[in-house]
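S.K.: give me a model of this one.
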Amino acid sequence: MILDQQKTAEALPWKELIDCLDKIFTQTVNSPVRHHHNMKVPGDPDATLLLMPAWIEGEYSGVKIVNVFPGNNKRGLAGLTGHYLLSCGKTGRLFLQLDGNELTSRRTAAVSALASRYLSREDTNSMLMVGTGRMARYLIPAHMSVRPIEVVHVWGRNPDSAQRLVEELRVDGINAHICLPENLQEVAQQVDLISCATMATEPLIMGEWLSAGAHLDLVGSFTPKMRETNNAAMQIGDVFVDTRAGAFSETGDILIPISEGAITEESIVAEFFDLCSGQHRGRADLVNSDKAITVFKSVGAAIEDLAAAILAKSSIN
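M.R.: Take a look at the predicted model:
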């Protein structure tokens, strides 16, 4: 069975997806490091083939295939396309194929929401969305599904893009407001939760701006040279990640402060394997938990894709 973008979205509702992610981090899952393969494209920049496998022995085998073709931009085509294949872990028989882009976007947002469930205050009612792209449209409803968020502020480098997103949110009944570029610090100091999903290579949110009890969600940085916050945020905040392996190999938000001596690998308080298994209770285990500043950095992992695909299979049976 093949699920297109719409059907993939329908098969992955927020609550169920977040719960499924929570569960899979308590299971034994084989998840090798993703495979990167460079591909020459005549007349275009090199393309990249990414393969992200994961399996639960005797139950499920899955792999996400992502093609990144930068040359598509000049053709007006998407630069990234993805597919996810879920198979039987006993026979290898294909169960279903999902839209890889939709699956990735939804599980990425759900990962941040799962982290918020452990790390943000339960009374979190205000949010700042930094970024106005595709992920912003997923992160906002995902966060709202786990916390009683009453107002959402939207910041973008382009105020017109921010205003368009605000208007979309208002159509959906969300109390949304634009945060003008010059007001970023002021709004960041006031809200309970900040979620960043940008392509920034220099910090946008400064640790010095974070108020007591705030939660900072970092999504955008996926290379060692990208970052969305500064060293101060990592020093004053209790830092959590989805997986240490990914965080220590892929994201500048972690690697840059480590290389500059601001933090060490031991500064990471816990990863999802600790949180979801109950070995660490997140905010509840922090000193002065109501006023603690928490920081979560996700980089994504094949185990998360597998959880989403398994949920999709169960929803169509």
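S.K.: please count neighbours and contacts with C-alpha atoms only from this point.
M.R.: OK.
S.K.: quick check: the gap between the residue nearest to residue 36 when sequence neighbours are not counted and residue 24.
M.R.: Nearest non-adjacent residue to residue 36, counting by CA to CA, 6 or more residues apart in numbering: residue 50, 4.9 Å away. Plainly put, residue 50 is 22 Å away from residue 24 if you go by CA to CA, to the nearest Å.
S.K.: before we move on, what about residue 136?
M.R.: 25 Å.
S.K.: and what of residue 39?
M.R.: Using CA to CA, one gets 33 Å for the distance from residue 39 to residue 24.
S.K.: okay, residue 50 and residue 24: which has more neighbours?
M.R.: Between residue 50 and residue 24, residue 24 has the larger neighbour count (other CA atoms under 10 Å), namely 21 against 18.
S.K.: kindly state the pLDDT recorded for that one?
M.R.: For residue 24, the pLDDT comes out at 97.
S.K.: can we start the residue count at 408 from this point?
M.R.: Will do, 408 is the new start, and the previous item becomes residue 431.
S.K.: pull the contacting residues for it.
M.R.: By CA atoms under 8 Å, 6 or more residues apart in numbering, the contact set of residue 431 is 710-711, 714.
S.K.: can I get those residues in CSV including distance to residue 669, secondary structure and neighbour count?
M.R.: CSV is the format used below for the contacts of residue 431 (distance: CA to CA, whole Å; DSSP: H, G, I helix; E, B strand; the rest coil; neighbours: other CA atoms under 10 Å):
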residue, distance to residue 669, secondary structure, neighbour count
710, 30, helix, 25
711, 30, helix, 24
714, 34, helix, 24
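S.K.: follow-up on the earlier one: that's a strand at the residue nearest to residue 443, yeah?
M.R.: Yes - Residue 457 forms part of a strand when assessed by DSSP: H, G, I helix; E, B strand; the rest coil.
S.K.: wait, isn't it in contact with residue 444?
M.R.: Yes - assessed by CA atoms under 8 Å, residue 457 is found in contact with residue 444 at 6.4 Å.
S.K.: how about the strands in the stretch 458-607 of the chain?
M.R.: Under the criterion DSSP state E, counting those that start in this stretch, the stretch 458-607 of the chain contains strands at 467-475, 487-495, 501-506, 533-537, 558-562, 583-586, 600-603.
S.K.: sheet-wise, list the partners of the fourth one with their directions.
M.R.: Pairing partners of strand 533-537, with direction, according to DSSP bridges: strand 558-562 (parallel), strand 600-603 (parallel).
S.K.: the first one: which residues count as buried?
M.R.: Of the residues in strand 558-562, those with enough neighbours to count as buried (16 or more other CA atoms under 10 Å) are 559-562.
S.K.: how far does it sit from its chain's centre?
M.R.: How far strand 558-562 lies from its chain's middle: 18 Å, per CA atoms, centre = their mean, to the nearest Å.
S.K.: got a list of contacts for it?
M.R.: 532-539, 547, 569-570, 572-573, 581-588, 591, 594.
S.K.: mind doing that once more with 6 Å?
M.R.: 533-537, 569, 582-586 (CA atoms under 6 Å, 6 or more residues apart in numbering).
S.K.: ditto for stretch 680-693
M.R.: 429, 432-433, 525-526, 696.
S.K.: for the residue nearest to residue 443, give me its contacts.
M.R.: 442-443, 472-473.
S.K.: and the worst-scoring helix or strand of the chain on mean pLDDT with strand 467-475, angle?
M.R.: Lowest by mean pLDDT, DSSP states H and E among the helices and strands of the chain is strand 442-446, with a mean of 87. Relative orientation of strand 442-446 and strand 467-475, computed by axes from the mean of the first three to the mean of the last three CA atoms, to 10 degrees: 30 degrees.
S.K.: show me how far strand 442-446 is from its chain's centre.
M.R.: With CA atoms, centre = their mean, you get 23 Å for strand 442-446.
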